[in-house]
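Enquirer: A structural model of the following input is requested.
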Amino acid sequence: MDPVDVLTVAVHAAQLIRSGSDPEEAIAGAYEVLGLPRPDDGDDPLAVRIARLADAAGPNRGPLIGFLNRQAGPLPLNRLGKGWGGAVEPAAAGAEEADAEAAELVEYAETEEESAREMMGDFPAFSVAQRQVSGYFGGRTIIVRGGERLTEEQAGELQAGDAIESEDEGLPDIVRGLIDYPLDRPCQFTINVGPEPWSIWDICSAFADQYARIYERPDKYGVWGHDLTDLYIERLLYFPEKGLIYPHMGS
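Expert: Numbers count the residues shown, from 1 in each chain. Predicted structure coming up:
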């Protein structure tokens with residue numbers, strides 16, 4: 001495999017192995033499943049040994065990850081029990097049971113996109129697996145000029161003597177998130193965004209937490225076509241009328 005592919009498989013394997021109760025047993029079992037002799041590398045760092053295992057798997061990375069998935073503990077993606085970003089697990093539903101409201105929200109988000117507020121602006125895409133991005137959303141800048149409080153639009157170019165302040169705009173502390181890609185059955189959930197300005201990193205992490213839950217139960221949501229490491233949040237849209245945040249996903 002290409003070195004990048006080997007390391008990508010190694011990262012996934014390391015997450016699964018770390019979540020289990022016995023790394024040595026998981027590694028030994030993996031070599032057995034692959035039909036390969038186990039190397040005498042017990043004195044090497046665990047990271048090196050896992051990378052060696054991923055390299056040895058070669059084109060058989062599917063059986064390797066499948067075996068390690070069966071050995072994994074309850075948090076294979078190393079997320080906290082309550083999540084990093086405040087996402088609240090939605091009520092459980094059967095594998096074939098669709099969330100009717102979530103489907104309606106998807107249609108709303110697609111048809112009413114012009115009413116949404118762009119949240120990410122110039123910030124880079126957020127990697128669902130690596131959790132990288134920064135920035136804030138919400139609040140408004142106020143220009144104080146001669147005792148009068150003006151918005152940026154009202155004030156125009158800054159003038160001598162202007163003072164710059166910020167104030168809340170009244171955003172809620174709790175909103176809904178909506179995920180429909182790559183799913184056959186969309187999922188809505190609650191995000192405790194907290195007081196404004198909202199942290200973009202926290203919001204994206206809330207979506208990453210929810211994706212982690214979804215990928216732990218792919219049959220429930222009808223996941224298709226992409227591994228978790230493929231996914232990036234390229235845009236976030238906030239629909240004030242629905243209290244809804246909807247991501248545009250890239251892969």
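Enquirer: list the buried residues in the host helix or strand of Phe67.
Expert: Phe67 belongs to helix 61-71 when elements are defined using DSSP states H and E. Residues of helix 61-71 classed as buried: 61, 64-65, 67-68, 71 (neighbour count, 16 or more other Cβ atoms under 10 Å). Any C-beta I mention is one placed from the backbone N, CA and C, and that applies to glycine too.
Enquirer: out of those, which is nearest to Arg235?
Expert: Ile65 (30.1 Å; Cβ to Cβ).
Enquirer: could you find the closest non-adjacent residue to that closest one?
Expert: In space, and not counting its chain neighbours, Ile65 is closest to His12: 6.1 Å by Cβ to Cβ, 6 or more residues apart in numbering.
Enquirer: just give me the neighbour total for that neighbour.
Expert: The tally of other residues near His12 (other Cβ atoms under 10 Å) stands at 23.
Enquirer: pretty sure it is touching Tyr215, no?
Expert: No - with contact defined as Cβ atoms under 8 Å, His12 does not count as touching Tyr215 (11.1 Å).
Enquirer: who touches the residue nearest to Ile65 in this structure?
Expert: 65, 227, 229 (Cβ atoms under 8 Å, 6 or more residues apart in numbering).
Enquirer: make CSV out of those residues and add distance to Glu169 and pLDDT.
Expert: Output for the contacts of His12, formatted as CSV (distance: Cβ to Cβ, whole Å; pLDDT from 0 to 100):
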residue, distance to Glu169, pLDDT
Ile65, 45, 81
Asp227, 38, 82
Thr229, 36, 83
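Enquirer: tell me how many other residues crowd Asp43.
Expert: Applying other Cβ under 10 Å, I find that Asp43 has 6 neighbouring residues.
Enquirer: name all residues that make contact with Val33.
Expert: Taking Cβ under 8 Å, 6+ apart as the test, what Val33 contacts is 63-64, 67.
Enquirer: which single one of those is nearest to Asp44?
Expert: Closest approach between these and Asp44, by Cβ to Cβ: Leu64, at 18.5 Å.
Enquirer: tell me the secondary structure for the spatially closest residue to the closest one that is not a sequence neighbour?
Expert: Among residues not flanking Leu64 along the chain, Ala57 sits closest, at 4.2 Å (Cβ to Cβ, 6+ apart). Under DSSP: H, G, I helix; E, B strand; the rest coil, Ala57 falls in the helix class.
Enquirer: gap between Ala57 and Leu34?
Expert: 6 Å (Cβ to Cβ, to the nearest Å).
Enquirer: okay, these two: which has more neighbours?
Expert: Set Ala57 next to Leu34 and count neighbours by other Cβ under 10 Å: Ala57 wins out with 24 against 18.
Enquirer: quick one: residues contacting that one.
Expert: 9, 30, 34, 63-64.
Enquirer: adding pLDDT and distance to Ala47, write those out as JSON lines.
Expert: As requested, these are arranged in JSON lines below (pLDDT from 0 to 100; distance: Cβ to Cβ, whole Å):
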{"residue": "Val9", "pLDDT": "82", "distance to Ala47": "13"}
{"residue": "Ala30", "pLDDT": "90", "distance to Ala47": "15"}
{"residue": "Leu34", "pLDDT": "87", "distance to Ala47": "19"}
{"residue": "Pro63", "pLDDT": "82", "distance to Ala47": "22"}
{"residue": "Leu64", "pLDDT": "86", "distance to Ala47": "16"}
